[in-house]
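> I'd like to go over a predicted model; first the sequence, then the structure.
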Amino acid sequence: MAAERRPMEEHLTRRQRKALRCIGRFIEANGYPPTFRELARQMGGSSSSHGEHYVRTLERKGYLEHAEGKARGIRLALRR
């Protein structure tokens, strides 16, 4: 199964991969990133802190860039 994953997603948990894909799809569909609350809802949570947790984790692992204090400041990071 691991061979089916894209290389950049190898070090993510299943939920982290889902969050990253949700963010990517949201940006593709809307032209802007989701808020923490929107991400949390897509992930089945109700609190914006759930969305923030995923963003912070993905940012720490190098998959996202997040502009502090900026609404909708999430960007997918370019990885090599």
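Received, thanks.
> Just the buried positions in stretch 54-69, please.
Buried residues in stretch 54-69, defined by neighbour count with 16 or more other Cβ atoms under 10 Å: 54-55, 57-58, 63-64, 66. From N, CA and C alone the C-beta is placed, and that goes for glycine too.
> Quick check: of those residues, which lies closest to residue 35?
Among the buried residues of stretch 54-69, residue 55 lies closest to residue 35 (Cβ to Cβ), at 9.9 Å.
> What are the phi and psi values at the closest one?
When quoted as degrees, to the nearest 10, the phi and psi of residue 55 stand at phi -60, psi -50.
> Tell me which helix or strand the residue nearest the centre of the chain sits in.
Nearest residue to the geometric centre of the chain (Cα atoms, centre = their mean): residue 20, 3.5 Å. Residue 20 is part of helix 14-30, with elements assigned from DSSP states H and E.
> so what secondary structure elements neighbour that helix?
When contacts are defined as 3 or more Cβ pairs under 8 Å, 6 or more residues apart in numbering; DSSP states H and E, helix 14-30 sits against helix 36-42, helix 48-60, strand 74-76.
> avg pLDDT for stretch 72-80?
The average of the pLDDT scores along stretch 72-80 is 80.
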